[in-house]
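1. Provided below are the primary sequence and the corresponding predicted coordinates.
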Amino acid sequence: MWHNIWYALLGLFLAGYLALDGITLGTGIIGRRLARDDVERHTVAAATGPFFLGNEVWLVAAAGITLGGFPGLESGVISGMYPVIVFAVAALLVREAALQFRRRMATERWRHGADSLFRFACLVLALMWGLLGGALVGAVPVKDGHLAVDAGVLLRPVALLSALTAVAVFALHAAVFLAVRTAGPVAGRAAELARRLAPVAAGLAVLTALTAVADGTVRDGLLNPLPAALLFLLAVAALLLAPRLISSSGLRAQLVSGFAALSPVLLLGAAHFPQTVVSRAGPGEHVSVSEAAADPSTLSVVGPVVLLVLPVLLAFQAMQWWAHRAKTDERSPAYF
């Protein structure tokens with residue numbers, strides 16, 4: 001029982017990270033288009049800054065659950081995707097440094113350089129998360145619990161299209177957020193950009209799905225195609241609906257675009273369960289949830305602690321979002 005609870009918690013933290021930090025990633029991707037001077041950059045920073053560090057907590061929690069609760073998944077599969085993980089971690093560090101040091105730069109030239117680094121790191125990170133999801137959605141070369149990564153896994157059309165789709169979805173998610181949470185010209189540009197990005201993101205998602213259907217390796221990895229297809233259709237509908245809700249219900253627009261951003265986690269879990277990863281070598285080499293999990297006695301001891309911490313984390317996030325619910329402009333405090 002505990003291994004399934006831990007697996008659900010892992011999915012929750014990963015989904016929360018994509019929905020929340022997806023705003024920061026998307027802001028880095030589209031920020032230059034929306035903020036055309038220092039005043040508007042300040043407005044964008046004031047809207048996203050209060051949530052930046054809190055968003056990363058979800059990724060740290062997901063990493064902790066993977067290391068402590070699923071040693072088989074970490075040592076055999078995640079470590080096998082080391083090229084993607086290394087680029088993702090490097091992008092995280094560069095993004096953090098660029099954001100933290102930007103306001104401390106002495107000259108405008110150095111501040112613009114920090115902004116460029118931040119945007120580049122966000123783009124790379126979005127590409128890596130999309131590439132990781134696209135690579136793992138199908139059957140992969142896992143044998144004896146270990147993934148042998150190669151260019152064929154990472155450079156499949158499905159993985160590459162998934163990476164591009166992730167960039168478009170995060171950009172749309174950020175545009176919806178900024179359209180709701182900012183005032184003035186930035187909000188108007190963000191709303192217009194969201195309307196333009198919606199069909200692009202949905203079209204890329206559909207193209208990725210059609211390519212997956214045509215790829216036998218990916219089809220082999222979809223152990224539960226019906227729930228996966230249903231979640232995919234809901235995600236596409238969310239991409240198209242979110243911009244339409246900006247003017248009538250800002251909160252619902254953010255929730256809908258957030259669902260689109262986190263849907264890959266739900267889709268992967270639904271498509272593979274009760275396996276975590278599907279092997280090309282056949283059912284005997286699949287890595288199941290129970291096989292990847294730590295010893296049941298370990299999970300039963302640590303599990304209740306995690307379940308006690310989770311409500312505190314959720315309450316803190318809710319308080320943070322409530323405290324910073326007002327629209328931002330050039331007069332709002334910026335944290336970075």
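-> Thanks, I have the structure now.

2. tell me where the model's unsure across the stretch 101-250 of the chain.
-> For the stretch 101-250 of the chain, applying pLDDT under 70 flags the ranges 105-106.

3. just the strands from it, written as ranges.
-> 142-143, 146-147 (DSSP state E, counting those that start in this stretch).

4. can you tell me the closest non-neighbouring residue to residue 247?
-> Spatial nearest neighbour of residue 247, excluding adjacent residues (Cβ to Cβ, 6 or more residues apart in numbering): residue 191 at 7.5 Å. The way it works is simple: take the backbone N, C-alpha and C, and place the C-beta from them, glycine included.

5. rewinding a little: nearest to residue 73, out of the strands of the stretch 101-250 of the chain?
-> strand 146-147 (10.0 Å; Cβ to Cβ).

6. now do the contacts for residue 186.
-> 34-35, 40, 43-44, 178 (Cβ atoms under 8 Å, 6 or more residues apart in numbering).

7. of those residues, which is the most crowded?
-> The residue in the contacts of residue 186 with the most neighbours, by other Cβ atoms under 10 Å, is residue 178 (28 neighbours).

8. tally of neighbours for residue 118?
-> Counted by other Cβ under 10 Å, the residues lying close to residue 118 total 22.

9. identify the residue nearest it in space, chain neighbours excluded?
-> Spatial nearest neighbour of residue 118, chain neighbours left out: residue 98 (4.1 Å); criterion: Cβ to Cβ, 6+ apart.

10. buried residues, the helix or strand hosting the one you found. List them.
-> Taking DSSP states H and E as the definition, residue 98 sits inside helix 82-102. Residues 84, 87-88, 91-92, 94-95, 98-99, 102 are the ones in helix 82-102 that count as buried (16 or more other Cβ atoms under 10 Å).

11. where do the helices of the stretch 201-336 of the chain begin and end?
-> For the stretch 201-336 of the chain, applying DSSP state H, counting those that start in this stretch gives helices covering 216-221, 225-241, 250-272, 289-292, 296-323.

12. out of those helices, which is closest to residue 61?
-> For those, the distance to residue 61 is smallest for helix 296-323, at 7.3 Å, taking Cβ to Cβ.

13. any chance of the buried residues of helix 82-102 in TSV, plus distance to residue 16?
-> Converted to TSV, these look like this (distance: Cβ to Cβ, whole Å):
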residue	distance to residue 16
84	20
87	22
88	17
91	19
92	16
94	23
95	18
98	24
99	20
102	26
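
14. need the worst-confidence member of those residues.
-> Among the buried residues of helix 82-102, residue 102 carries the weakest pLDDT, at 74.

15. count the neighbours of the nearest residue to that one once chain neighbours are set aside for me.
-> Distances taken as Cβ to Cβ, 6+ apart place residue 114 nearest to residue 102, at 4.0 Å, with adjacent residues excluded. Using other Cβ under 10 Å, residue 114 is surrounded by 18 other residues.

16. again with residue 325
-> 11.
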